[in-house]
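[1] mind looking at a prediction? Sequence and model below.
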Amino acid sequence: MFKWRKQGLIFLPDKTRYWMHSHAQVPYSLELEDRIRVYFSTREKIDAAGQYISHSGYVDFSKERFPEILEISEDPIIPLGGRGEFDEYGSMAGSVIRHNGKFHLYYCGWSRGVSVPYAWAIGLAVSDDGANFKKAGPGPLLGPSLHEPYLQACPIVYKLTENNWFMFYLSGIKWISEDSKQDSQYLLMCARSKDGINWERQSKPIIPAIVPDECQTSASIIKLDGLYHMFFSYRHGTQFREHKDRGYKIGYASSPDLLTWTRDDSKAGLEPSQEGWDSGMVAYPHLLKIDNRILMLYCGNSFGSEGFGYSVLDDGTA
C-alpha cells in the first residue's frame, strides 16, 4: 500500500484575473531549470446561460523551495477556438511533452450542445517556450469516432521513445438523464502513436468499473521497481455533486507493460480528510519527482474549485 503525507492546499485561483475566477483543476507538472511549472485549468464567472468558460494557465513553483510560488501566467496560454470549433468555449490543459525542441500541449476543448450541455475533444497546441501556445490546427486530434461516439478529454501522454507514445484519456460511454440533468459517463482508454500526432485507439476501457455508472479520469503513471503504477480519479455517475460519498476518489492500478492493468484501490493510500478543502473529494492526481521525493498534486472539493494541494510519498510505503 502507498502511504501519503498530506501537505495542504498550495494554490488557489487568483480572482484578480477575469479568466481565473474559480477552480484550479487537473494539475500537470513540467520540470524546468530552476522551477516546477504546473499547468492547470480554471474558469471565468458563470455566464448568462448558466455555464462556464474554461481557460488553461500555469503557476511556477521554486524547485529548491517548493511550494514557494515564483510566477503565475498573466493570461490564458491557449486562445479559445473560433465559432463552431471544438474549443470555442474552453480549454483544459492535459499534459506537456518536449518534442523536437518544442513543447507539445495536449488539451481538452469545450463546446456546447443542445440535447446535452457540453462536448469535449482532444486538441494539440505547440510552444517554443512552454508559456505561449498556438493551436496546431483548428480541429481536434481525437474526437468522436465510429466506436467512441461521445466525448474525449483529459489526455495524459507519455513519450517512451521517439516512435513509441501512449495516451491515456477519458472517453464517453453514454449520457445519463436524472432529474432533468444530463451527465456523461466516461471511462479511461488508451491510444498509441509513433509521432504524437496520429493516434491508434484501442476503443475499449482499460480499468474495470466498480461503482454504478462509474466515471474515470486523470491517469497519472510512475514506474517503480519495473512496474507501472497508475493513480486515477473515479466517482459514481449520478448524485456525485450532492453526496460526497459518491464524489471523486483516487483509485489505483498496476501494469507490467502499460497495456494490461490490474485494479486495487486499497493500495491508493489517499482518502478525503475529515474536514477542510479536500474533505468532500480528492481528484485529478498527478505524480512528480522533486529530488528524491515523490509527490502527488491533487484537487479537492467541488472539482478543484478551491485549487490544488499536494502530498508526499512516505519512505516506508509498502
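    That came through fine.

[2] mind listing what's buried along stretch 286-294?
    Buried positions in stretch 286-294, judged by neighbour count with 16 or more other C-beta atoms under 10 Å: 286, 287, 288, 290, 294. All C-beta atoms are positioned from the backbone trio N, CA, C, and that covers glycine.

[3] the second one and residue 296 touch, don't they?
    It stands for residue 287. Yes: with contact defined as C-beta atoms under 8 Å, residue 287 reaches residue 296; the gap is 5.6 Å.

[4] and for these two, which residues touch both?
    Common contacts of residue 287 and residue 296 (C-beta atoms under 8 Å, 6 or more residues apart in numbering): 220, 231.

[5] could you dump the buried residues of stretch 286-294 to a markdown table with pLDDT and secondary structure?
    A markdown table is the format used below for these (pLDDT from 0 to 100; DSSP: H, G, I helix; E, B strand; the rest coil):
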| residue | pLDDT | secondary structure |
| --- | --- | --- |
| 286 | 99 | strand |
| 287 | 98 | strand |
| 288 | 98 | strand |
| 290 | 94 | strand |
| 294 | 97 | strand |
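
[6] next, work out how far apart the nearest residue to residue 10 once chain neighbours are set aside and residue 127 are.
    Excluding its sequence neighbours, the residue lying closest to residue 10 (C-beta to C-beta, 6 or more residues apart in numbering) is residue 67, at 4.1 Å. As for residue 67, its distance to residue 127 is 24 Å (criterion: C-beta to C-beta, to the nearest Å).

[7] and the furthest pair within the buried residues of stretch 286-294?
    The largest separation in those, counting by C-beta to C-beta, is between 286 and 290 at 12.7 Å.

[8] residue 120 pairs with what?
    For residue 120, the beta-bridge partners under DSSP bridges are residue 110.

[9] what of residue 283?
    Beta-bridge pairing for residue 283 (DSSP bridges): residue 299.

[10] could you do the one 5 residues further on as well?
    Residues in a beta bridge with residue 288, per DSSP bridges, are residue 295.

[11] list the contacts for it?
    Counting by C-beta under 8 Å, 6+ apart, residue 288 makes contact with 29, 31, 36, 294, 295, 297.

[12] could you give the bridge partners of the nearest residue to the fourth one once chain neighbours are set aside?
    Spelled out, that is residue 294. Spatial nearest neighbour of residue 294, excluding adjacent residues (C-beta to C-beta, 6+ apart): residue 313 at 4.1 Å. Taking DSSP bridges as the rule, residue 313 bridges to residue 4.

[13] quick one: residues contacting residue 313.
    Residue 313 makes contact with 2, 3, 4, 293, 294, 295, 296, according to C-beta under 8 Å, 6+ apart.

[14] at 10 Å what do you get?
    Listed by C-beta atoms under 10 Å, 6 or more residues apart in numbering, the contact set of residue 313 reads 2-5, 222, 224, 269-270, 287, 289, 293-296.

[15] neighbour-wise, which of residue 67 and residue 127 wins?
    Under the criterion of other C-beta atoms under 10 Å, the comparison of residue 67 against residue 127 puts residue 67 first, with 19 against 16.

[16] show me the contacts for the more buried one.
    7-11, 36, 38, 59, 61, 290, 295, 297, 309-310.

[17] then residue 271?
    The neighbours of residue 271, taking C-beta under 10 Å, 6+ apart as the test, are 4, 6, 249, 250, 278, 282.

[18] so which helix or strand takes in it?
    Counting by DSSP states H and E, no helix or strand carries residue 271.

[19] what does it show for phi and psi?
    Main-chain torsions, residue 271, degrees, to the nearest 10: phi -120, psi 160.

[20] cool, residue 245 as well?
    For residue 245, the backbone dihedrals are phi -70, psi -10 (criterion: degrees, to the nearest 10).

[21] so it makes contact with residue 280?
    Yes: in this structure, residue 245 is within contact of residue 280 by C-beta atoms under 10 Å, at 9.3 Å.
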